[in-house]
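Undergrad: coords please:
(one chain, ligands or ions: 1)
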Amino acid sequence: MSGGSPLLLVAACALVDPDGRVLLAQRPPGKSMAGLWEFPGGKVEAGERPEEALIRELAEELGIDVNEACLAPLTFASHDYGNFHLLMPLFVCRRWRGEVSAREGQELAWVRPLRMGTYPMPPADVPLVAALRDLL
Ligand SMILES: Nc1nc2c([nH]c(=O)n2[C@H]2C[C@H](O)[C@@H](COP(=O)(O)OP(=O)(O)OP(=O)(O)O)O2)c(=O)[nH]1
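TA: Numbering: from 1, shown residues only. Next up is the predicted model:
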């Protein structure tokens, strides 16, 4: 058994609009992997379930209200970043209340999965795009 790096649990969401486009958010300057395009979401805090963390993050980052029943598990990322190992369930959501807005000043883009290749993403996310292409 290797010592390994600590496991980091992050919950992320592919918000899908009626045209089959998916919301990507650009990581802001100053954060790790700044400039890369990611799925909205964030770290699961102690005592939280992934779904709860995601609902909280979607409200904080995008100002939308998501019902847990509208979060469907799609796939997950398991990626070693060296200093931590990311385990990231990816949910799909097609229904929410409110208008998506960049509450934290981040750039947002609605992108068809076939065009995601033109949006540089964190290495953990690259394999997830295939699942979205199959779905949408
Ligand atoms: N939300 C989200 N995070 C992702 C994705 N892909 C990916 O590698 N990550 C990583 C980036 C961060 O290390 C971590 C999410 O942390 P976070 O978004 O809650 O917190 P943060 O930006 O302040 O993270 P950090 O600067 O401290 O690394 O997961 C993704 O598609 N969405």
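Undergrad: Could you tell me how many residues sit around the spatially closest residue to Ala12 that is not a sequence neighbour?
TA: Among residues not flanking Ala12 along the chain, Gly41 sits closest, at 3.4 Å (C-beta to C-beta, 6 or more residues apart in numbering). To be clear about C-beta, it is placed using only N, CA and C from the backbone, and glycine gets the same treatment. Look at Gly41: counted by other C-beta atoms under 10 Å, it has 23 neighbours.
Undergrad: ok but Leu87 is inside a strand, no?
TA: Yes. Counting by DSSP: H, G, I helix; E, B strand; the rest coil, Leu87 is part of a strand.
Undergrad: returning to what we had before: which residues touch the residue nearest to Ala12?
TA: By C-beta atoms under 8 Å, 6 or more residues apart in numbering, the residues touching Gly41 are Val10, Ala11, Ala12, Cys13, Ala53, Leu54, Glu57, Leu58, Met88.
Undergrad: And the pLDDT for the last one?
TA: Going back to what we said before, that points to Met88. At Met88 the predicted local distance difference test score is 98.
Undergrad: That one contacts Pro122, doesn't it?
TA: No. Applying C-beta atoms under 8 Å as the test, Met88 and Pro122 come out as separate, 9.5 Å apart.
Undergrad: Show me which of these two is the more surrounded one.
TA: When Met88 and Pro122 are compared for neighbours, Met88 comes out ahead with 24 against 19, by other C-beta under 10 Å.
Undergrad: Quick check: bridge partners of that one?
TA: Counting by DSSP bridges, Met88 is bridged to Ala77.
Undergrad: who touches it in this structure?
TA: So Met88 contacts Leu9, Val10, Ala11, Ala12, Gly41, Phe76, Ala77, Ser78, His79, Ala124 (C-beta under 8 Å, 6+ apart).
Undergrad: Give the buried residues for the lengthiest helix in the chain.
TA: Using DSSP state H, we find that the single longest helix of the chain is helix 50-62. For helix 50-62, burial by neighbour count (16 or more other C-beta atoms under 10 Å) applies to Pro50, Glu51, Ala53, Leu54, Ile55, Arg56, Glu57, Leu58, Glu61, Leu62.
Undergrad: dump the residue contacts of Arg97.
TA: Applying C-beta under 8 Å, 6+ apart to Arg97 gives the contacts Ile64, Asp65, Val66.
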